[in-house]
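Asker: need a structure here:
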Amino acid sequence: MQTLLPEGWAPPIGYSNGIAVDAGRIIFVAGQVGWDAQQRFQSEQLAPQFEQALLNVLAVLAQAGARAEHICRMTVYCCDKPAYLAARRELGAIWRRRMGRHYPAMSMIFVSDLLDSPGKIELEATAVVPAPK
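Answerer: Purely as a prediction, here's the structure:
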């Protein structure tokens, strides 16, 4: 996996502009919200929901034999921009605890609502497990 940073560009903070991956096993993870395995929200707060959604993404990846460092792309949908901006430091700490210093290509999209209430944030991911050499 190669992180792409065009010459002369300032490095992004908390994501990569692009990722190049050699052919391998591709895993597409559907949008994961911050509920537990029984589809129950344990919190209505953004940060705990973010952490649970991230754990859910990682659980789906693990089922396919993939890990956090295999994530190439992630799209984040959030319904509360002010709450997201206020929680950035806490969200960053959660990210580093669960993902380390791996930053895939990412998009952050603010939406009016999510299907699953009281969901505040949803994560969708694409991962590539490198082909055996």
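Asker: what is the least confident helix or strand in the protein?
Answerer: Taking mean pLDDT, DSSP states H and E as the measure, the chain has strand 18-20 as its least confident helix or strand, at a mean of 85.
Asker: quick one: the helices in the protein?
Answerer: Along the chain, counting by DSSP state H, helices occupy 46-63, 81-86, 88-99.
Asker: which one of the ones you listed lies nearest to residue 132?
Answerer: Taking Cβ to Cβ as the criterion, residue 132 comes closest to helix 46-63 out of those, the separation being 17.8 Å. (Each C-beta comes from the backbone N, C-alpha and C, glycine too.)
Asker: which parts of that closest one are buried?
Answerer: When neighbours are counted by 16 or more other Cβ atoms under 10 Å, the buried residues of helix 46-63 are found to be 46-58, 60-61.
Asker: and these, which two are the farthest apart?
Answerer: Greatest spacing in those, by Cβ to Cβ: 46 and 61 (22.5 Å).
Asker: any idea of the pLDDT on residue 103?
Answerer: Reading off the per-residue confidence, residue 103 sits at a pLDDT of 93.
Asker: in this structure it contacts residue 11, no?
Answerer: No. Contact between residue 103 and residue 11 fails when scored by Cβ atoms under 8 Å: they sit 9.8 Å apart.
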